[in-house]
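[1] Need the 3D shape of this:
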Amino acid sequence: MQLNGTPANIDQIKALALTNFGHFTSMLVEDNGVRGLSLHLERLANDCRHLFDVELDTDRVRADVVKALDGSDQPTVVRVTIYDPALDLGSIGSDAEPSILVTTRSAASSQPAPWRLQAVSYRRDDPAVKHIGLFGAMMQRRSAQREGFDDVLFLNPDGTISEIATSNIGFVRGGQVIWPRSECLPGVTMRLLRQALDEPVTTESLTLSDLQGMDAAFATNAATGIRPLASVDSTEWPTEHPMLDELRGLYAEIPPEQL
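    Numbering: from 1, shown residues only. Below is the predicted model:
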C-alpha cells in the first residue's frame, strides 16, 4: 500500500474510513500490461475533475502503479484510489489536493464461477462515477448473500435494469449481445467488449419480464473479465452457452497496454 509512491501510514489513510470521499479504479495487471489502461486513466482523470475540480497527473499514476508492483510478474489486481487525506467532514468543501493510493492483491488464477443474482430496487449515488461511497451497494449485496444469492442486480425506480453492485451486466439473445439502456457505471471491460464486437452496440430498456427471452447472461468486471450468470431471481440460463466462450475469446485477444 503506497500513497504518492511511498508506504502509507494510518494517519494518511484514516480519511478513507472517517470521511469516505474519493474515487478509484481497479485493473488487472499481467506481464506489466493492462487491457484498457488508457480507459482506466481516462476514468480517473474525469472523476477527479468531477469530484475535486482539479486535473490528475495520469503519468504519475502510471509511475506509482509500476513502483507498487515492484517488478512482480504475477497477475495482480491493482486498485488506484484518489482522495485528499486532509479533507474531513467539516472541510469537505475546501480546495483539494488529491493523493494517489495504490493497493495490490493477487489475481484469481481460475475462471470466475457463475453467479446467482437477486434483483432489488436501488440506484447508486452519481452512478456514472466509480466513487468509494459503497455503503448502500454493499448493504444490498450483503442482504442478497444472506438470502443465498451471490450478488445483487439493481433496478431503477421504473423497474428497468441498470447494473450489478460492482459489475456491468449483459445478455445474449439470438446470437446478439444486448446491454441494458440505463445510467450506470460504464465499466472498462464492457467498453472494451463493445469495441471488439463486430456488430453495432445494441441497448434496450430491459425489465425482469424481458429476461425469460434471453439465451444467456454475463457480468463484466476488470478483475475477473467475463463471468457467466446462472440466474436472476427465478429466471435461469445455461452457464456454458457458446456465445460466452466467444466473448471470452474476444476479450482475451484485446492487446494489453504496457505500463
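[2] Pretty sure D84 sits against G93.
    No. Using C-beta atoms under 8 Å, D84 makes no contact with G93, being 11.7 Å away. C-beta here means a position set from N, CA and C on the backbone, and glycine is covered the same way.
[3] and L244, which of the three is it?
    helix (DSSP: H, G, I helix; E, B strand; the rest coil).
[4] With D47 instead?
    Classified using three-state DSSP, D47 is helix.
[5] Excluding residues flanking it in the chain, which one is nearest it?
    Leaving aside its chain neighbours, D47 sits nearest to H23 (4.1 Å; criterion: C-beta to C-beta, 6 or more residues apart in numbering).
[6] Tell me who's in contact with the one you found.
    Counting by C-beta atoms under 8 Å, 6 or more residues apart in numbering, H23 makes contact with L44, D47, C48, L51, T81, I82, Y83, V129, K130, H131, I132.
[7] Try it again at 6 Å.
    Residues counted as contacts of H23 (C-beta atoms under 6 Å, 6 or more residues apart in numbering) are D47, L51, I82, K130, H131.
[8] So for stretch 193-200, what gets flagged as buried?
    Buried residues in stretch 193-200, counted by 16 or more other C-beta atoms under 10 Å: L193, R194.
[9] cool, stretch 155-174 as well?
    So for stretch 155-174, counting by 16+ other C-beta under 10 Å, buried means 155-156, 160-173.
[10] Which stretches in the chain count as helices?
    Taking DSSP state H to define them, one finds helices in the chain at 10-18, 37-52, 58-69, 135-146, 188-196, 242-252.
[11] Burial check on the closest residue to I254 other than its chain neighbours, number of neighbours?
    Among residues not flanking I254 along the chain, R35 sits closest, at 5.0 Å (C-beta to C-beta, 6+ apart). Residues lying near R35 (other C-beta atoms under 10 Å) number 22.
[12] For the contacts of H23, give me TSV that also has distance to M190 and pLDDT.
    Shown next, in TSV, are the contacts of H23 (distance: C-beta to C-beta, whole Å; pLDDT from 0 to 100):
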residue	distance to M190	pLDDT
D47	17	98
L51	22	97
I82	22	98
K130	13	97
H131	18	97
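[13] Let's see stretch 15-28 as CSV, backbone CA atoms only.
    Provided in CSV are the C-alpha atoms of stretch 15-28 (Å, rounded to 0.1, in the frame of the first residue of the first chain):
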residue,chain,number,x,y,z
ALA,A,15,-9.8,9.7,5.9
LEU,A,16,-10.9,6.8,3.7
ALA,A,17,-12.9,5.5,6.7
LEU,A,18,-13.8,8.7,8.5
THR,A,19,-14.6,10.9,5.5
ASN,A,20,-15.0,8.4,2.7
PHE,A,21,-14.9,10.9,-0.2
GLY,A,22,-13.0,9.9,-3.3
HIS,A,23,-12.9,7.7,-6.3
PHE,A,24,-11.0,4.7,-7.7
THR,A,25,-10.4,2.2,-10.5
SER,A,26,-9.3,-1.4,-10.3
MET,A,27,-7.3,-3.1,-13.1
LEU,A,28,-5.8,-6.5,-13.8
